[in-house]
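1. pasting a predicted model and its sequence here:
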Amino acid sequence: MALALDAEASARAAVLHLVPPNGGGVDRFVRDLVAHRRHDVIVHVTPDQWVLECPAARAFAPLAPPDAVTLLRQGALGRRLRVHAHSTTAPIRQACRQLADLLQQAPVLTLHDIWFDDPEQPVDERQARLAFVRAATALTAPSAFIVERLALALQPPPACAVVPNGASPPDVAAAPPLQPPPAALQPALQDGRGFAVAVIGALGQHKGLRALEAVVAALPDEVRGVVFGYTEHHLQPGWAVPGKLWVHGPFDPSQLPALVERYQPRLAFFPPGMPESFGYALTDAWVAGLPVLVPDHGALGQRVRW
């Protein structure tokens, strides 16, 4: 991987986007951002390894943290570096400390979720996260909900700019083709009833899985649902509840219009779970032309009211 930049790149500040390794909405946000900043680098941070990714070059460099810091200090990404942190977890905080002499300032921080004030964390860890938030050069968040949570956690609350996550209309022509429906699904697709209720995303217990299971159990037998994504119990396509709830499996967001055409849902349902900080799935549902039913808490309720 060639990390050295040309003269034009060296003249501008390269931004290191420090991200945890669990993907999800953070990964989508950062990739949308760096698509417009071809000299920026994504740094996937774990305690023992940093993976430097240059999306424009489709190149990766897995390095031990000290080696990564040495490489950056030698100017591999130019002499003007800035850091944008996308988490408050301990590995991200440690990475910022290791880069402090290169930055000469604290990082910019985006609060993508409410874990910066997680009451289930030990007191020391919770205080360390809040101190990291307080020390940031600048703060952004995707919704007013996060700013409200910040005001409850820190007094006086630091300034935090609301910058909603953007999303472009899906490029349907460039979307990966859907796989043919499995044999187990064919009768349900052909009987004319469709799948009236769609749920979008990856569902665990904190994302409303228990509530979804209760709702499906209460629905009339003739009303079926489909999960565009997966659950913690069903990662592959199949019936989560025989004859009532089908799990499609992972998909690319650009495929959602084709999924809507295949399954014919009339509503996107967001089961209540942990309050969402923004909700890319809500954006995707609207872009696909689906009306939505959301819990009236967190950013989902705020966005639907707005």
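-> Received it, and whenever you're ready, just let me know what you need.

2. for residue 230, what is the enclosing helix or strand?
-> Under the criterion DSSP states H and E, the helix or strand holding residue 230 is strand 225-231.

3. what lines up beside that strand in the sheet?
-> Using DSSP bridges, strand 225-231 pairs in its sheet with strand 197-203 (parallel), strand 245-247 (parallel).

4. quick one: buried residues of the first one?
-> Applying a neighbour-count criterion of 16 or more other CB atoms under 10 Å, one finds 197-203 buried in strand 197-203. Yep, even glycine has a C-beta here, placed from its N, CA and C like the rest.

5. over to stretch 177-186?
-> Buried residues in stretch 177-186 (16+ other CB under 10 Å): 181, 185.

6. can you check stretch 35-53 too?
-> Under the neighbour-count criterion of 16+ other CB under 10 Å, stretch 35-53 has 39-45, 50-53 buried.

7. what sits up against it?
-> For stretch 35-53, contacts defined as CB atoms under 8 Å, 6 or more residues apart in numbering pick out 1, 3, 5, 9, 12, 14-21, 30-31, 33-34, 54-56, 59-65, 68, 77-78, 90-92, 94-95.

8. separation between residue 304 and residue 225?
-> In this view, residue 304 and residue 225 are 20 Å apart by CB to CB, to the nearest Å.

9. cool, residue 211 as well?
-> For residue 211 relative to residue 225 (CB to CB), the value is 13 Å.

10. try residue 250
-> 18 Å.

11. so the two - more neighbours on which side?
-> For the pair residue 250 and residue 225, the greater number of neighbours falls to residue 225 (23 against 12), based on other CB atoms under 10 Å.

12. tell me the mean pLDDT for stretch 48-58?
-> Stretch 48-58 comes out with an average pLDDT of 91.

13. which SS state does the residue lying closest to residue 174 once chain neighbours are set aside fall under?
-> Of all residues not flanking residue 174 in the chain, residue 254 sits nearest, at 6.7 Å (CB to CB, 6 or more residues apart in numbering). Residue 254 falls in the helix class when you classify it by DSSP: H, G, I helix; E, B strand; the rest coil.

14. surely residue 254 touches residue 170?
-> Yes - assessed by CB atoms under 8 Å, residue 254 is found in contact with residue 170 at 4.0 Å.

15. after the host helix or strand of residue 150 comes which helix or strand?
-> Per DSSP H and E: residue 150 is located in helix 144-153. Next in sequence after helix 144-153, counting helices and strands by DSSP H and E, comes strand 161-162.

16. partner strands of that next one, with direction?
-> Strand 161-162 has these strand partners (DSSP bridges): strand 138-141 (parallel).

17. ignoring the adjacent residues along the chain, who's closest to residue 50?
-> Leaving out its chain neighbours, the residue that sits closest to residue 50 by CB to CB, 6+ apart is residue 68, at 4.5 Å.

18. correction: the previous question concerned residue 199.
-> Distances taken as CB to CB, 6+ apart place residue 227 nearest to residue 199, at 4.8 Å, with adjacent residues excluded.

19. okay, and the beta partners of that neighbour?
-> Beta-bridge pairing for residue 227 (DSSP bridges): residue 199, residue 247.

20. please renumber so the chain begins at 20
-> Done: numbering now begins at 20, and the last item shifts to residue 246.

21. could you count how many residues lie near it?
-> Residue 246: 24 surrounding residues under other CB under 10 Å.

22. what of residue 78?
-> Other residues close to residue 78 by other CB under 10 Å number 13.

23. residue 81 too?
-> For residue 81, using other CB under 10 Å, the count is 14.
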